[in-house]
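In: turn this into a model:
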Amino acid sequence: MAPAACQEAREELIACLLRTDCVLKSGKTPTECLHSQQELPIQCQHLIARFADCKKGMLDMRRRFRGNHLSESAKAAARGDPLNAGTIDIIPDRNSDEDTRQR
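Out: The predicted model follows:
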């Protein structure tokens, strides 16, 4: 059983694997499907990387002191959410045309 720190990542990975064609159509177990990662959807591949990173983080003493946390963008990537965190809309300033004409 995975430690509590990685339990959420583990559960999300299992849920993703159970929805794949590898399990549903081929009748393989999730463990068997992990051996052919290239055939899995990209979302499951990201969740595999997230779970592995969490497990590795438990061994890294620096991360153990600071906490084994992923950034918000890494969590969004693992869930398959679009990477629009931190983007801003740029609205042109109405006075910028006047400033360039005056120069």
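
In: now the helix ranked longest in the chain - C-alpha only, PDB.
Out: For the chain, the helix that runs over the most residues, judged by DSSP state H, is helix 42-57. C-alpha atoms of helix 42-57 as PDB (Å, rounded to 0.1, in the frame of the first residue of the first chain):
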ATOM      1  CA  ILE A  42      -1.300  10.800 -22.300                       C
ATOM      2  CA  GLN A  43      -3.300  11.700 -19.100                       C
ATOM      3  CA  CYS A  44      -2.400   8.300 -17.600                       C
ATOM      4  CA  GLN A  45       1.200   8.700 -18.600                       C
ATOM      5  CA  HIS A  46       1.300  12.000 -16.700                       C
ATOM      6  CA  LEU A  47      -0.300  10.400 -13.700                       C
ATOM      7  CA  ILE A  48       2.300   7.600 -13.800                       C
ATOM      8  CA  ALA A  49       5.000  10.300 -13.700                       C
ATOM      9  CA  ARG A  50       3.300  12.200 -10.900                       C
ATOM     10  CA  PHE A  51       3.000   9.000  -8.800                       C
ATOM     11  CA  ALA A  52       6.600   8.100  -9.400                       C
ATOM     12  CA  ASP A  53       7.700  11.700  -8.500                       C
ATOM     13  CA  CYS A  54       5.800  11.500  -5.300                       C
ATOM     14  CA  LYS A  55       7.400   8.200  -4.400                       C
ATOM     15  CA  LYS A  56      10.900   9.500  -5.200                       C
ATOM     16  CA  GLY A  57      10.100  12.600  -3.200                       C
END
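
In: buried residues, stretch 41-54. List them.
Out: By 16 or more other C-beta atoms under 10 Å, the buried positions in stretch 41-54 come out as Q43, C44, H46, L47, I48, A49, R50, F51, D53, C54. Quick note: C-beta positions are derived from backbone N, CA and C, even for glycine.

In: could you verify my assumption that the first one touches C16?
Out: Yep, that's Q43 we're talking about. Yes - with contact defined as C-beta atoms under 8 Å, Q43 counts as touching C16 (6.0 Å).

In: which one is F51 nearest to, not counting chain neighbours?
Out: Ranked by C-beta to C-beta, 6 or more residues apart in numbering and with sequence neighbours excluded, the top spatial neighbour of F51 is A9, at 4.4 Å.
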